[in-house]
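Enquirer: Generate a structure from the sequence data that follows.
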Amino acid sequence: MIKQLFNIKIGYASIKNPIAVAPMAGITDSGFAAKFGNAGLVVLGGYNLDAKTNDAARKEISRGRKEFVSDEPMDLLKKELKASHDLTRIAVNVRAASLEPFVEAARLIKDSGAILEINAHCRQPEMLELGVGEALLRDLPRLCEYIGEIKKTGVVVSVKTRANVVNDVELAKAIEKAGADIIHIDAMHPDGMDVGVIKRVRNSTNLFIIGNNSVVDFESAKDMFSYGADMVSVARGLLEEPRLIDNLVDEISAIQSMTGWYNAPKHICGGGDLRALAFCCLPVKPCALHAALKQAGMSAEEFMKLKMDFVRGTPLEPGDGTCFGSMTWCCKITKPCFLRDSTLTQTGVSDIEYMQFKKKLSEYLMKKRKR
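Expert: Numbering: from 1, shown residues only. Model (predicted):
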């Protein structure tokens, strides 16, 4: 049932649910991944693709860190891809000090039907000295060159980033333009999880977003989803609670079964991202909607016309008994409203159908925003 519940597809990669296992150096290999086949995605690695990064990893091991090392990195990659092929959808987080190993790995990963993830996240000094990991965030031309060349192989490309290192919106826009499909954001902040960075990237790009950092239960996962994450990934929390993946899959599957839109945004007035314009009422009073429209590059008149034009002839058009005469102006199904619910009953539209139409409206409005 779960496999059919979600419709998540990135290029050639279909994903059965929006819960992922994040890469943890020296930990997340095929053996570790085998414990979590219920996850929609498992990101192996990070693996080092050349002599320089493997030597750097050995230095890290000598001071007590866990790392994967190999004298034959491509052979190791082939072995790991083969061992995990039938588990679930696989991504491989990789590091290299130059472009060529990335391209070689991309061909292997593409042939396996997996996803390549560029590690622009590691902040260990041995890697930074090589211009690897987080150093790529500060060298956007090189990172974008890597993405462009790797995409020529046809592989689906993810970039694992660390938030609040550089301007996150400029970074996301640049890697999207370069051809990346996914941004995997470690929403790190000195005060804890920074869901704001998820929202800013959601409002500014069409990238598939994986939210990471401090996802330890469904409440923390729900925060990521409601601010624009398409998927969440779990790292250290798994080491403390091995059943966390199963629990999150069960919870998000229940939400999808009940509402039809598992990562529906908070309302704009509740701080939601621009997708929530689908839930806004008419712009007839001073409220947060006007700031959101300004960010989207829409006038109030354009916003009203876009919504009414889209819902014409759909189940969202009726609503004589609602506040503004059409369900295009109605809020999320999870917010109680007897006027909306009465109209849904009269028109024979289920809660799931209502939310699925709202999702389509949201996608339409996001395409019309001026970025």
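
Enquirer: mind checking the SS state of residue 159?
Expert: Under DSSP: H, G, I helix; E, B strand; the rest coil, the three-state class of residue 159 is strand.

Enquirer: neighbours around it, how many?
Expert: Applying other Cβ atoms under 10 Å, we find 28 residues neighbouring residue 159. Every C-beta, even on glycine, is put in place using the N, C-alpha and C of the backbone.

Enquirer: Over to residue 292?
Expert: That count, for residue 292 with other Cβ under 10 Å as the rule, works out to 22.

Enquirer: you'd agree it is in a helix?
Expert: Yes. Assessed by three-state DSSP, residue 292 belongs to a helix.

Enquirer: how many other residues sit next to the residue lying closest to it once chain neighbours are set aside?
Expert: Counting by Cβ to Cβ, 6 or more residues apart in numbering, residue 268 is the residue found nearest to residue 292 once chain neighbours are left out, at 4.9 Å. Residue 268: 23 surrounding residues under other Cβ under 10 Å.

Enquirer: now residue 217
Expert: Neighbours around residue 217, by other Cβ under 10 Å: 14.

Enquirer: Phi and psi next, for it.
Expert: Residue 217 adopts backbone torsions of phi -160, psi -180, taken as degrees, to the nearest 10.

Enquirer: Just confirm the residue nearest to residue 292 contacts residue 280, I think it does.
Expert: Yes. Taking Cβ atoms under 8 Å as the definition, residue 268 is a contact partner of residue 280 at 5.6 Å.

Enquirer: which residues are common contacts for the two?
Expert: Applying Cβ atoms under 8 Å, 6 or more residues apart in numbering, one finds that residue 268 and residue 280 are jointly contacted by 289, 292.

Enquirer: low-scoring pLDDT stretches of this structure, where are they?
Expert: 1-3 (pLDDT under 70).

Enquirer: Repeat the analysis, applying 90 as the threshold.
Expert: 1-4, 190-192, 285, 371 (pLDDT under 90).

Enquirer: and the longest helix for it?
Expert: Longest helix in the chain by number of residues (criterion: DSSP state H): helix 351-368.

Enquirer: so what does the helix or strand hosting residue 43 touch, helix or strand wise?
Expert: Using DSSP states H and E, residue 43 sits in strand 41-48. Counting contacts by 3 or more Cβ pairs under 8 Å, 6 or more residues apart in numbering; DSSP states H and E, strand 41-48 packs against strand 19-21, helix 30-33, helix 51-62, helix 73-84, strand 89-95, strand 115-120, strand 231-234.

Enquirer: Out of those, flag the one nearest residue 196.
Expert: strand 231-234 (15.7 Å; Cβ to Cβ).
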